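J.: I'll drop the sequence and a predicted model, then ask my questions.
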Amino acid sequence: MERRRFLTLMGGGVILAAGSAAGAFAVTRTPTRALMPWTQTTFYDEPRRRALSFAILAPNPHNRQPWLVDLATPGEVLLLVDTARMLPHTDPQNRQITIGLGCFLELMVTAAAADGYRVDLELFPQGADAAGLDARPVARARFIEDATIVIDPLFEHVLARRSLKEPCDLGKPVATSLLASLAASIRHGSTPGHTNDPDVVSALRDLTHRALDIEIDTPRTYKESVDLFRLGKAEIEANPDGIDFGGPLFDTLVLTGQFTRTIALDKSSMVFAQGRDAVLANTDTAMAHFWLVTGSNTRQDQIAAGRDWVRVHLAATALGLGLQPLSQALQEFPEMAECYAQAHQKLASAGGTVQMLARLGYATPVGPSPRWPLDAKIIAEG
Ligand SMILES: Cc1cc2nc3c(=O)[nH]c(=O)nc-3n(C[C@H](O)[C@H](O)[C@H](O)COP(=O)(O)O)c2cc1C
């Protein structure tokens with residue numbers, strides 16, 4: 001059943017969708033193939049592939065899924081990054097992409113543990129460059145059978161985790177004790193911060209709102225997102241990544257030519273205006289905020305932050321709390337410098353780098369995001 005409503009997606013993007021394309025049309029519009037990885041985790045016999053089938057469900061910026069795995073050495077996973085899947089305008093140093101790879105590694109390690117394997121990780125075995133990622137491996141992971149390994153209780157929430165894309169219910173506060181239990185899920189050394197204090201939340205709503213405005217108003221950073229829009233079922237199935245606009249309402253708008261990339265880029269269009277309103281409704285309804293800080297900002301720190309971040313997100317999932325990263329104020333492009341400085345003043349006054357910032361609250365549940373199948377990410381078999 002469809003109601004007349006705004007649909008919000010991405011870190012930005014929305015459409016006023018008129019009415020009802022229900023019934024059979026709705027059923028046929030689900031991008032079934034693009035969502036299959038969420039139901040295929042029991043598909044594989046081999047332990048590395050079983051663990052990787054969970055890892056590919058990791059949260060990652062703009063759903064670029066930049067991971068590649070080399071399985072040529074038995075018992076090992078060599079993780080590489082696809083440098084064609086970076087976000088050069090909003091993530092010029094590949095910091096956020098590296099955090100996403102940290103999320104991937106944490107899910108791989110957690111899934112391997114649930115299967116009776118310890119994973120010894122060697123990060124950046126051939127070194128790394130602070131300016132950008134390159135063809136050198138991100139990690140070498142050795143899988144070792146271990147009867148004593150303990151299953152992490154967060155593992156059971158991997159398949160239910162979603163990045164929230166809907167406004168929060170303003171009538172439902174987030175309890176301080178829940179924020180503390182998210183912080184307690186951290187294992188890899190990042191320092192958590194959180195607030196549900198109405199004054200602080202209000203200041204962070206303002207900051208994240210302004211930062212989103214800047215990203216949208218800076219032509220090259222906004223275009224970076226629009227170029228990654230996947231409009232309607234056919235595009236999502238062909239490229240199950242990026243910022244997906246699926247389902248009967250969007251499909252109707254796409255099929256009738258009312259929603260195209262050109263229209264989304266046109267600042268005088270209704271699509272643009274409503275997209276902006278909808279993403280700002282997300283920043284403006286935050287009921288709590290949560291962030292992670294690292295003392296330095298090495299590639300290792302960024303991987304650790306990603307490992308911690310997905311743990312926080314799984315812990316939020318376990319508690320029924322919606323979570324959406326709001327990364328704009330943390331981005332390193334020049335137009336964002338003032339917001340970046342303010343975010344660091346507010347959230348890391350003792351120094352360090354704010355690696356992640358998210359809003360939290362209770363909201364309408366959202367569906368899973370598309371994924372490339374694991375087989376598309378294996379560059380060498382073994
Ligand atoms: C480092 C990082 C930064 C992110 N920044 C944002 C953001 O600014 N806005 C947003 O809506 N989602 C953000 N996300 C969430 C991704 O968009 C999301 O993980 C991806 O689209 C896949 O969806 P899923 O998490 O529901 O599987 C971020 C995720 C990561 C790991």
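T.: Noted; the coordinates are in hand.

J.: which other helices and strands contact the lengthiest strand in the chain?
T.: If you go by DSSP state E, the chain has its longest strand at strand 353-361. On a contact count with 3 or more CB pairs under 8 Å, 6 or more residues apart in numbering; DSSP states H and E, strand 353-361 meets helix 95-114, helix 198-217, strand 288-294, helix 299-318, strand 322-325, helix 337-347. Yep, even glycine has a C-beta here, placed from its N, CA and C like the rest.

J.: and after that strand, which helix or strand comes next?
T.: strand 378-380 (DSSP states H and E).

J.: residues making contact with that following strand?
T.: Residues from elsewhere that reach strand 378-380 (CB atoms under 8 Å, 6 or more residues apart in numbering): 68-72, 80.

J.: list the buried residues of it.
T.: Using 16 or more other CB atoms under 10 Å as the burial criterion, the residues of strand 378-380 that qualify are residue 378.

J.: got the residues of the chain near the ligand?
T.: By CB under 6 Å from any ligand atom, the residues of the chain that approach the ligand are 10-11, 59-63, 96, 99-100, 103, 162-163, 324-328, 369.

J.: pretty sure residue 178 contacts residue 319?
T.: Yes. At 5.4 Å, residue 178 and residue 319 qualify as touching, with contact defined as CB atoms under 8 Å.

J.: circling back to that earlier point, most neighbours among the contacts of strand 378-380, which one?
T.: residue 69 (24 neighbours; other CB atoms under 10 Å).

J.: so what's it up against?
T.: 52, 77-80, 377-379.

J.: one more time with 6 Å, if that's ok
T.: Taking CB atoms under 6 Å, 6 or more residues apart in numbering as the contact definition, residue 69 lies against 77, 79, 377-378.

J.: what is the nearest of the residues you listed to residue 185?
T.: residue 79 (22.9 Å; CB to CB).

J.: in this structure that closest one contacts residue 138, no?
T.: Yes. Using CB atoms under 6 Å, residue 79 is in contact with residue 138, at 4.6 Å.

J.: neighbour count winner among those two?
T.: residue 138 (25 against 22).

J.: so how far is stretch 96-112 off the chain centroid?
T.: In terms of CA atoms, centre = their mean, to the nearest Å, the centre of stretch 96-112 is found 11 Å from the chain centre.

J.: same thing with stretch 256-266?
T.: Distance, centroid of stretch 256-266 to centroid of chain: 25 Å (CA atoms, centre = their mean).

J.: show me the contact partners of stretch 285-300.
T.: The contact list for stretch 285-300 (CB under 6 Å, 6+ apart) reads 98, 123-124, 128, 167-168, 170, 173-174, 190-196, 201, 204-205, 301, 305, 308, 347-348, 352-361.

J.: just the contacts of strand 378-380 now: which is nearest residue 275?
T.: Once CB to CB is applied, the member of the contacts of strand 378-380 that ends up nearest residue 275 is residue 68, at 31.8 Å.

J.: which SS state does the closest residue in space to the closest one that isn't next to it in sequence fall under?
T.: Leaving out its chain neighbours, the residue that sits closest to residue 68 by CB to CB, 6 or more residues apart in numbering is residue 80, at 4.4 Å. Assigned state for residue 80: strand (three-state reduction, DSSP: H, G, I helix; E, B strand; the rest coil).
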